[in-house]
Structures are given as C-alpha cells and as structure tokens.
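Undergrad: Turn this into a structure:
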Amino acid sequence: MTWMDRITLFQPLDYAALAGVFIAWLGLGWLIENASTSKPSVSQLMAQYRREWMVQMITRQPRIFDSQMISTLRQSTAFFASTSMIALGGALALIGNSERLSTVVEDLALTNVPSVVWEFKMLLPLFFLTNGFLKFVWSNRLFGYCSVLMAAVPNDVEDPRAPILAKKAAEINITAARSFNRGLRSLYFALASLAWIIGPIPLAVAAVITVTIVWRREFTSLSRRILLESDPS
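TA: Residues are numbered from 1 along each chain as shown. Coordinates of the predicted model:
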C-alpha cells in the first residue's frame with residue numbers, strides 16, 4: 001500500500017477535524033498566554049504572584065518555605081513527565097497491536113477499515129503526549145534553574161544584587177510554569193484526540209469540549225475571581 005493509497009483511506013472530514021484540533025490547541029495557548037490586560041488569564045495572574053513571591057523571599061529568614069515550594073513544583077513536573085512517559089508506552093503498544101485495536105474500534109464505531117487507519121489515528125495522541133513530556137521535562141529543568149537563582153540571592157536585604165537576582169528567579173519561575181501549563185494542555189488534547197478513533201465528528205466534539213473546559217478555568221473560573229479580588233488592606 002502506497003502513501004497515496006493510505007491518504008485516500010481518510011475522508012475530507014477527517015482532515016478538517018485534524019486541522020481544527022491543531023488550530024484549537026495553538027490558538028487556545030496563544031490566547032491564554034497573550035490575554036489582554038483588561039481580562040487576564042489565571043496563568044497571567046499567577047505570574048504576578050510569582051514575582052511577588054520572589055520579592056518577599058528577599059526578606060524571609062530562613063528561606064526553608066521557599067525551598068520547599070520549589071521542591072514541590074519540581075515533584076509535580078516529574079510526576080506528570082513520568083505519567084506522560086507511561087502513556088507514551090501504552091500508545092506505542094496499541095500501535096504495535098493495531099489488529100486487536102481495530103477489532104475493539106469496529107465494535108464501537110460499527111465500521112470496518114484497514115488496521116493502518118487506526119495506527120495513523122494513534123499518532124495524534126502520541127504527538128500530544130510527546131509534546132507534553134518534553135514540556136514537563138523542560139519545566140522541571142527550569143524550576144531547577146530557579147532554585148539556583150534563589151540560592152544566589154544575598155541574605156543581606158541591603159545588597160543591591162538582591163532585587164536583581166530575585167527578579168531573574170521570578171522570570172525563570174514564570175517560564176517554568178508556562179512550560180508546565182503547555183504540557184498540561186497537551187495532555188488535555190491527547191485525551192481529546194482519542195475520540196478520532198471513533199470518527200472525525202467525535203474528534204471535533206472532543207476538541208470543542210476541551211477548549212471550553214480550559215477556557216473556563218482560565219477566564220471564568222472561581223479561582224480567577226478570587227485572584228482578582230482587591231486586597232482588603
């Protein structure tokens with residue numbers, strides 16, 4: 001079977017749904033990270049609190065709490081990286097056993113197509129899982145850089161280097177959190193992309209549901225309203 005023969009196994013609706021998933025994934029990420037100042041996302045609001053954290057760290061003695069916080073953040077990234085790796089192994093195992101997968105899907109979708117179709121469809125969640133894994137690993141690394149910068153902040157609050165190094169630590173912390181959030185969005189879309197096994201319409205529906213859930217958490221959630229509350233002082 002040539003590549004052209006394999007391409008003809010998919011309908012135009014499949015390609016439209018596939019394009020829609022990538023547009024939704026990239027567009028949603030851009031909107032969250034570049035939201036307007038009048039309606040910031042939760043990620044942007046938390047970035048300001050991360051900067052405030054590093055400012056408060058300068059005068060905090062001892063800094064055990066800060067080191068524990070960074071350790072917790074690194075554990076979270078390591079956990080999701082490990083989870084993504086396990087999911088990658090499962091996806092590769094399904095691709096290697098496509099005949100059994102096709103039998104199960106035929107019962108769900110009531111269709112009879114070559115097993116190569118299911119192998120191609122599994123490449124979509126495989127892509128998102130791989131991207132998520134790489135984002136989590138890089139986030140873990142960046143939180144490690146942040147911990148080094150935090151350790152380099154002088155204990156003397158009068159030292160002119162203290163606010164400069166604290167600002168650098170804050171920006172690295174924000175970059176690490178941005179990479180972590182991108183990894184989470186990849187996992188969300190990896191789950192949504194599994195719907196393609198049933199068909200292009202379920203894939204489109206799953207993508208819309210995923211976008212709605214992520215959008216709500218970033219722009220209309222209770223946590224965002226709490227973050228936007230004015231300081232009582």
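Undergrad: most distant residue from the middle of the protein?
TA: Glu158 (39.0 Å; Cα atoms, centre = their mean).
Undergrad: List phi and psi for that residue.
TA: With angles defined as degrees, to the nearest 10, Glu158 sits at phi -80, psi -10.
Undergrad: In the protein, spot the helix with the most residues.
TA: helix 115-152 (DSSP state H).
Undergrad: for the record, mean pLDDT for that helix?
TA: Helix 115-152 comes out with an average pLDDT of 92.
Undergrad: which strands and helices sit next to that helix?
TA: Under the contact criterion of 3 or more Cβ pairs under 8 Å, 6 or more residues apart in numbering; DSSP states H and E, helix 115-152 touches helix 12-33, helix 64-96, helix 98-109, helix 161-193. Placement of C-beta: from N, CA and C, glycine included.
Undergrad: Averaging pLDDT over each of these, report the lowest-scoring one.
TA: Across these, the lowest-scoring stretch is helix 98-109, with a mean of 61.
Undergrad: any idea how far the closest residue to Gly183 other than its chain neighbours lies from Leu28?
TA: Ranked by Cβ to Cβ, 6 or more residues apart in numbering and with sequence neighbours excluded, the top spatial neighbour of Gly183 is Lys135, at 3.4 Å. Per Cβ to Cβ, to the nearest Å, Lys135 is found 15 Å from Leu28.
Undergrad: again with Arg161
TA: Computed as Cβ to Cβ, the Arg161 to Leu28 distance reads 39 Å.
Undergrad: Among those two, which residue is more densely surrounded?
TA: Just comparing Arg161 and Leu28: by other Cβ atoms under 10 Å the higher neighbour count belongs to Leu28, 19 against 11.
Undergrad: is it true that Gly29 touches Arg185?
TA: Yes. The criterion here is Cβ atoms under 8 Å, and Gly29 meets it with Arg185 at 6.0 Å.
Undergrad: which one of those two has more residues nearby?
TA: Taking other Cβ under 10 Å, Gly29 and Arg185 do not tie; Arg185 has more neighbours (21 against 18).
Undergrad: What is the burial count for Ile226?
TA: Using other Cβ under 10 Å, the number of residues around Ile226 comes to 10.
Undergrad: likewise Asn140?
TA: 22.
Undergrad: what does Val214 give?
TA: The number of residues packed near Val214 is 22, by other Cβ under 10 Å.
Undergrad: Three-state assignment for it, please.
TA: Secondary structure state of Val214, per DSSP: H, G, I helix; E, B strand; the rest coil, is helix.
Undergrad: Tell me which residues touch it, please.
TA: Leu28, Ile32, Arg185, Tyr188 (Cβ atoms under 8 Å, 6 or more residues apart in numbering).
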